[in-house]
Structure formats: C-alpha cells, structure tokens
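A.B. asks: need a 3D model of the sequence below.
(chains A, B, C, D, E and F)
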Protein chains: 4
Amino acid sequence: MPETDLLSPAAAGKREQTKAQNRRAILDAARAVFADMGYQAATVRDIIRRTNLSVGAFYNYYRSKEEVYEALSDDGARRFRPILAAQYESAPDFQTYIRGAVRAYFYFLVDEHNSWQSGRDPADRYPHVHSETPEMKAVYDQVRWSIADVLAKGQGPLVDVDYLTAACIAIAREVGASMVERDPIEVDDAVEFAVQMILGGLPALPRVTP
Amino acid sequence: MPETDLLSPAAAGKREQTKAQNRRAILDAARAVFADMGYQAATVRDIIRRTNLSVGAFYNYYRSKEEVYEALSDDGARRFRPILAAQYESAPDFQTYIRGAVRAYFYFLVDEHNSWQSGRDPADRYPHVHSETPEMKAVYDQVRWSIADVLAKGQGPLVDVDYLTAACIAIAREVGASMVERDPIEVDDAVEFAVQMILGGLPALPRVTP
Amino acid sequence: MPETDLLSPAAAGKREQTKAQNRRAILDAARAVFADMGYQAATVRDIIRRTNLSVGAFYNYYRSKEEVYEALSDDGARRFRPILAAQYESAPDFQTYIRGAVRAYFYFLVDEHNSWQSGRDPADRYPHVHSETPEMKAVYDQVRWSIADVLAKGQGPLVDVDYLTAACIAIAREVGASMVERDPIEVDDAVEFAVQMILGGLPALPRVTP
Amino acid sequence: MPETDLLSPAAAGKREQTKAQNRRAILDAARAVFADMGYQAATVRDIIRRTNLSVGAFYNYYRSKEEVYEALSDDGARRFRPILAAQYESAPDFQTYIRGAVRAYFYFLVDEHNSWQSGRDPADRYPHVHSETPEMKAVYDQVRWSIADVLAKGQGPLVDVDYLTAACIAIAREVGASMVERDPIEVDDAVEFAVQMILGGLPALPRVTP
DNA sequence: AATGAATGAGAATTCATTCAT
DNA sequence: AATGAATGAATTCTCATTCAT
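C.D. replies: Numbers count the residues shown, from 1 in each chain, chains lettered A, B, ... in the order given. Predicted structure coming up:
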C-alpha cells in the first residue's frame, strides 16, 4: 500500500526483471530436481540448492513444493495446448491428427529435454523413481483427452476407446522417452516409428459394438 | 522372557514358520502401502501398522525400508521369470512369443491386483504419485529384456529394437493398467487388443539397416 | 499389537515407571518455562532443554506445546476441584465460603510455588510476559465460576455479580501472587487480608435491582 | 524519485508532519495488533498491514518490534502521568485520592478502548493470551507506585502496604476490564463499585505494626 | 525516506533407525 | 526375538531484520 512510486521506472523495471529471473530459476531448478529424483523424493531444499536463492526467497515466490509443481504443469500445458489445438482443428482424418499430435509432442519433448541439464545421476541416490516432469504429465493429459475426443466423435475406427487411448499415449510416451536419450536426437525417425506403430495396428484391432 | 535354545525340533520348526509368516506379512503390508502412497511417502510405521508386528520386529526381518522394496522386487521377478522363460523357450516365432508374454504379464497383473485392497484413494492425499509396485517394475524389466533379446536374435523384423521394445512394453503396461481398472476384468480381450496393436503395427514399421 | 508380553513384569513395570517419570519431567519443565517466559514466548525446545529428553521423546508424550498446556491445566484443575467443591458444599453462608475458597486457593498457590524453581530470571530475556501458569489459570477459572454461582443463588448481597466476581478473583489473585513472593510465606496473614478486603467491602457496595 | 533537499520550509514542515503521522499510524496499528494477539504472536507484518507503510518504512521509525512496544508504554504513561499526578497533589486524604485515581484510570481505559477496534476475537486464534496493551501496563505501574507512596507517607491506614497496593490495583484492573466489556459502558457505576470495594474493606483490614 | 525482495536463524514436527529391557 | 520408547538429523515454513534500488 505504498502511497506513490518513488522509484525510477528503470529501477522498477530491473526489480521486475530480477523477480522474473528468480521465478524462472526456481522453476528450472524444480524441473531438474523433479526429473532427477521424482516429485515425492524432492525436497524444497533440493530445489533451492540448485539456485542461488535463500530459503526465504523460495517462499516469496511459491508457497510450497506443491505450488511449484502446479506452476510447472501450467507452464507446460500452456505452451503445448495451442500447438495441439491447431492439429486438432486442421486434421481432416484420424491419421493426420495422430501424426500431427505425435510430432508436436516429440518436438515439445526435445525442447524440454534441451532446457535442463541433470547435474548428477538421479537413480543412484533415489531409487524407484519415475522421472516424469509435471510438464510432461500436463502435455500427456492433453493428448490423452484429445485422442479420446477424436475417437468418441467417430472419426476413428470402432475399437475399445480406452485401450486405444492408453496404447497411443503409451507408445508416444515411451518412444518419445527413448528418443530423447539418443545422441543425436532424430525426431522425424521417431515420429515415423510411433505413427506407424499406432496406425499400422489399427486395422487389426478387435472391433467393438457400440 | 524369550524361549531358550532348549527347544524341541518341532518347536524350532514352528518358529521357522512364524518367521516366514512375519516376513510375508511385512511384504504384503509393504506392497499395499507402496501401492497406496508411493515408496517415498510410505513410512515404516505405515507398513507395520498393517501388521501384527512391532517396529523392532520389522527391523529383525529387514534392515531398512529400502530392503523391503528390494525384496518385493525380487519376489515379483522370481515368480514371473519362470513363466516368461517358458514362453521364451517354446515360442516358435515372434508373434507367438509376444502373445505368450503379454498373456503372462496380464495374468500376473490381475493376480497382483487381487492380492491387495487399497484402503482409500491414495492420489487424494499424495498427489502426482504413479503407484507402481516394485513387483510390477521387476516384471516389466524382465519383459523388456526378453523382447530385446528376441529381437536381437533376429527372430523379429528388422526394425529399431529400442523403439520396438519401448513400444511393446508401453502398450502392455498401459493397456494392462487400463484393464485392471475395469470391473469385471476381461483378461483375454485385453490380451487380444494389446497383441493386435503390437503385431498389426509391425509390417508398417520403418526398416533399419543393421 | 504384540502377540504376547514377553517382558518380565518387573521390566514392564520399569518401563511404565520411566514413562511416568518422563511425562512428569516434561510437565515440570513446561510449568517452569511457561512461568518464566509465558506461554507464547515458550518454545518446545525451551521445554526440552530443561529435560534430558530428546526432541522426539517430547513428541512421544505430547503432540504440541498446546497439548502440554492443556495437560497442565487439567492437572491443576483436577487437584484443586475437590478442595474447592468441599468448601462449596459445606459453607453455610457467603462469608464462610469466601474464606474457605481463598484459603484453599492460597494453599494451592504455595504448593505450586514450592514445586518449581525458576532457573534464571525470566523477565530479563522475555519482556512483557504475564507469568501465569496454566494451572493457576485453571484454578482461577474454577473459583470465578463458584463465586458467580454462589452469588447467582442469592446467597450473597444484591450487588453487581460480574463486578464482584471480578473483584474477588482479582484480590485473591494479586494478593496471592504478592504472598508467594515473600520469604517466609505467611499464608494465614494473606488469607486474612484478602478475606477482610472482600468481606469488608461488601456492605458498602452499590445495590442493584435484580 | 524522492524529494530533494531543496525544499521550501513549508515542504519541510509537511514532511515533519508526515513523519509524525506515520509514527502515530504505527503505534495505533501496533496497539491494536498487540491487543488482538499478544506481543509475541504479533508480527511486524501484522502491524504494517494495518498501515499505509512498507516494511522498510517501519524500520525507519522504530528499530524493532520491541522498540514499538516501549514506545507504546511510554505513550500511555506519558499521557496518564499528569492526570494521576494532579490527583495525587490535590487529594486531601486517602479516600479522595483513591477515588480520583480510579476515576482517572477508568476514563483512560475507556479512552483506550474506544481508540481501537479489534477486528476479530483474538483469543480464538491465540489461546491463553492476556491481551494487555503496554499502555495499560504502564498506567498500572504508575498507579501501583502512587498508592504505595501514599500509604508509605502514612496517609493511609496502618496495613500491609504491599497487599493493599496489590488489592487496589487488582480491583481497579479487573473491574475496569469488566467494565469495558459492557455496552453501554457506565463508567461512574464502575468507579463507584471499585471505590466502595476498596474503601469499604479498609477498616476491617488487619493492622500491622510498622 | 520509501520500497519490498532477500536473508537466514530458528521454530515445529516427522520418521528411519537404534537400543535397553 | 520382540517390544516400543528414544534419538536426532532432516524437513517445512516463518519472520525479524537488512539492503539494493
């Protein structure tokens, strides 16, 4: 409730900039930490340690580990949603949609993958960890929903919708995960593989009576 | 005052039996607890609470929470390995092998699923937890290895082995997970779906030059 | 949920005894700490420090500072209630009741006062503290209630009940507090003073119309 | 950009005025907050939240939370001292002095009470807190001292000075506290009650030999 | 002077593991 | 072997105070 702004605009701008940087630093650190050791095992201190902020600073930006997780999810979803939506709108048939969605997802993964460097080997210290960033989860949820939607609208074959969704998602997820482990990363090869796997399997699937 | 060394063989046998029972009780409790809330969130007290035992007794049987996890993994792997091995030995071709492996995996899942009752919905209290029991993980690793092996031996098509393994595993995992959520569980339908998805996709896959 | 009690009765008894001792040690430490620096300023660590227990042990016995406070209150109330009740039952008139209650209260105070030794000077480090133990508060509440009750039943003069209660309580409290500061403590003198102060003032009080 | 040193005297005066206003705003806020939740539980942010100021500004005016407390005490004492002193000078006897002092104290209380509005009921959130503003404490100390002085000078009866002081103070305090809880507040009735309680009790008190 | 983000010591609490009985 | 209280490091979060702007 300051009465007036006594700071110069420049100074105020710098303040804002620093805040934005710190916010991002926390998110980046959190992404790396969650990827390294999983959400459950990660502690707020782990996140802070990858930052040059103090404990207090963390709590100035986020009220808990949970809130960071949400922010990360939102971040991923927000960036991926428009891409996926475009595919969804423009695709004339199921095949085209699948290809577009998988491609979009894989490029997103590569992007994510490039944006952080895991400092040390995760699984060594914290076993049993499913490294899945909240962003991946958010994107994955989006894809799941849109596949289900396309199928539900009858634009796909008359198969078990749940199973097909699960299978598509599964393929995209795992092939994607396998892809980003390689060096160099060949996105188009991976897209082709996943798409053929999905589409090739379709004709043979057991039909259901709606 | 504890019983002394002056036991009859019968009494000694009884004691062995009790030990085995306790060991199993701990594993059963741990399986349920890990499934409910994940390894990290689970506390040793959570485990022993589902047991007749005291904290101290727990540590007589396992030296740490970690060790219980390992034991659970071993347990699952040990039970599943022979089944899978049989498929592996007897299968004349890739198709047969896949069908056998998926069927074996799905029946294993159903078995696991029936063996514990999640008291309440875990995800409510512990968000972002991918409940995956150590046993599932172990079995999954086995399947992954054997698929890779079959492919490596040239009994499958000339495709990207890593990707195919990943895709097969992914399909089996997710369709399987989807299957056990249903009531009633129709194992054979799910097997058929997963198998067709995998095998149907094969011919269309991009070939690689070895 | 131990199957049987394998401990000898003697050992079990010792366990129980130790627990009782620890429980008391915590209460004693808490009483002293609350008296020294007030409930608000007191920390759980302050309490533990006056004990040879560990942090964890504290939480084995009480779940929070608050719970210790409650226990202390209950303790005081439980010990004082019967004494006060006896006065209340047997007193033929207001004068007798007041004298009995004040006497009981003062003896209780002396008892309390003797039971703990403030290690260092409180007010130096934690200013603005109203040193009032929860036990004193509980007893005080009892007395307040019983005076109000006696007056409400018409056994006292027709005066403003709230004010009279407040005044009686106030006199007892402050004269009592003053009393225990002295060395030697002369309980009977203090009782006499307080009682005369209360009863002497009665006739002159403004009457109210009920 | 802050104003520079090139200010007109008028502007400088204005700044002085602002400083005084801020100082008062902090004190008012602090009084309310301390009353609501006690000194310990109150945070500096609680205080500035009831203010137009920033954290930094707070520390421009007072160097610590403690210092604010002191300032409040001084404030109350400073305002009340002259009033009490006047009574003290002009009173021909003990009776008159007591009546004057009590009346002055009660009017002071009413004044204090009107000057802040407790937002919600404090005791709900912070148990066991005897909300006593530093100002009340300061005034109370003054009264205590002056009664003791009057008695010491032999203008009162030959009774136990400590006890009488304690009792007078106690009555004034508690009846006063009870008074301000009422709506409407009837100061004169309360004064009459307290004065009669004190003076009425005097003749009956045990005499001491000096 | 004002601003409000940053700091970090310190508070409450949990929990894997040990150990006396 | 069994028991369960004790331990204390580790965790989350708060808040008085400082300091760059």
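A.B. asks: and the residue nearest the centre of chain A?
C.D. replies: residue A:136 (2.4 Å; CA atoms, centre = their mean).
A.B. asks: go ahead and confirm that one touches residue A:111.
C.D. replies: No: at 11.5 Å, residue A:136 does not count as touching residue A:111 under the criterion of CB atoms under 8 Å. Every residue, glycine included, has its C-beta placed from N, CA and C.
A.B. asks: that older thread, next one, pLDDT for the residue nearest to the centre of chain A please.
C.D. replies: Looking at residue A:136, its pLDDT is 76.
A.B. asks: residue contacts, it?
C.D. replies: A:76, A:109, A:112 (CB atoms under 8 Å, 6 or more residues apart in numbering or on different chains).
A.B. asks: what does residue A:178 give?
C.D. replies: A:190, B:162, B:163, B:166.
A.B. asks: count the neighbours of the second one for me.
C.D. replies: In terms of burial, residue B:162 registers 17 neighbours under the definition other CB atoms under 10 Å in any protein chain shown.
A.B. asks: try the first one
C.D. replies: Number of residues near residue A:190 (other CB under 10 Å) recorded here: 25.
A.B. asks: for chain A, which element, helix or strand, carries the lowest mean pLDDT?
C.D. replies: The weakest-scoring helix or strand in chain A, judged by mean pLDDT, DSSP states H and E, is helix A:122-125 (a mean of 55).
A.B. asks: which is the next helix or strand following it?
C.D. replies: helix A:134-152 (DSSP states H and E).
A.B. asks: for the longest helix along chain A, packing partners?
C.D. replies: Counting by DSSP state H, the longest helix found in chain A is helix A:9-41. In terms of contacts (3 or more CB pairs under 8 Å, 6 or more residues apart in numbering or on different chains; DSSP states H and E), helix A:9-41 is packed against helix A:44-49, helix A:55-61, helix A:65-90, helix A:122-125, helix A:134-152, helix B:9-41.
A.B. asks: quick one: it to chain centroid distance?
C.D. replies: 17 Å (CA atoms, centre = their mean, to the nearest Å).
A.B. asks: so which bits of that helix are buried?
C.D. replies: Buried residues in helix A:9-41, counting neighbours by 16 or more other CB atoms under 10 Å in any protein chain shown, are found at A:22, A:25-41.
A.B. asks: please apply the same query to stretch A:144-160.
C.D. replies: Those would be A:146, A:147, A:148, A:150, A:151, A:156, A:159, A:160, for stretch A:144-160 by 16+ other CB under 10 Å.
A.B. asks: one more: stretch A:70-78?
C.D. replies: Neighbour-count burial for stretch A:70-78, with 16+ other CB under 10 Å as criterion, is recorded at A:71, A:72, A:73, A:75, A:76, A:77.
A.B. asks: from residue B:83, how far off is the nearest residue to the first one once chain neighbours are set aside?
C.D. replies: Okay, so that is residue A:71. Nearest residue to residue A:71 in three dimensions, chain neighbours excluded: residue A:27, at 6.3 Å (CB to CB, 6 or more residues apart in numbering or on different chains). Per CB to CB, to the nearest Å, residue A:27 is found 45 Å from residue B:83.
A.B. asks: same check on residue A:181?
C.D. replies: Per CB to CB, residue A:181 is found 29 Å from residue B:83.
A.B. asks: so which of these two has more stuff around it?
C.D. replies: residue B:83 (18 against 10).
A.B. asks: do you know how far the residue in chain A positioned nearest to DNA strand E is from DNA strand F?
C.D. replies: Proximity of chain A to DNA strand E (CB to the nearest atom of the strand) peaks at residue A:56, 1.9 Å away. Going from residue A:56 to DNA strand F by CB to the nearest atom of the strand, to the nearest Å gives 4 Å.
A.B. asks: how near is that residue to residue A:44?
C.D. replies: 11 Å.
A.B. asks: and what of residue A:137?
C.D. replies: Applying CB to CB to residue A:137 and residue A:44 gives a distance of 20 Å.
A.B. asks: secondary structure element for residue A:175, which one?
C.D. replies: helix A:161-181.
A.B. asks: now do the helix or strand following that helix: everything it contacts.
C.D. replies: Next helix or strand after helix A:161-181 toward the C-terminus (DSSP H and E): helix A:187-201. For helix A:187-201, the external contacting residues (CB under 8 Å, 6+ apart) are A:95, A:98-99, A:102-103, A:106-107, A:110, A:167-168, A:171-172, A:175-176, A:178-179, B:159-160, B:163, B:167, B:196-206.
A.B. asks: buried ones among those?
C.D. replies: A:98-99, A:102-103, A:106, A:110, A:167-168, A:171-172, A:175-176, A:178-179, B:159-160, B:163, B:167, B:196-202, B:204-205.
A.B. asks: between the helix holding residue A:175 and helix A:134-152, how big is the angle?
C.D. replies: Following axes from the mean of the first three to the mean of the last three CA atoms, to 10 degrees, one obtains 140 degrees for the angle between helix A:161-181 and helix A:134-152.
A.B. asks: just the CA coordinates of helix A:161-181, formatted as CSV?
C.D. replies: What follows is helix A:161-181, C-alpha atoms only, in CSV (Å, rounded to 0.1, in the frame of the first residue of the first chain):
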residue,chain,number,x,y,z
VAL,A,161,-11.6,-46.3,-26.9
ASP,A,162,-9.9,-46.6,-23.5
TYR,A,163,-7.5,-49.2,-24.7
LEU,A,164,-6.6,-47.4,-27.8
THR,A,165,-6.1,-44.1,-26.0
ALA,A,166,-3.9,-45.9,-23.5
ALA,A,167,-1.9,-47.6,-26.2
CYS,A,168,-1.4,-44.4,-28.2
ILE,A,169,-0.3,-42.5,-25.2
ALA,A,170,1.9,-45.3,-24.1
ILE,A,171,3.6,-45.5,-27.5
ALA,A,172,4.1,-41.8,-27.7
ARG,A,173,5.4,-41.6,-24.2
GLU,A,174,7.9,-44.4,-24.3
VAL,A,175,9.2,-44.0,-27.8
GLY,A,176,9.5,-40.3,-27.0
ALA,A,177,11.4,-41.1,-23.8
SER,A,178,13.6,-43.4,-25.7
MET,A,179,14.2,-40.8,-28.4
VAL,A,180,15.5,-38.1,-26.2
GLU,A,181,18.0,-40.5,-24.7
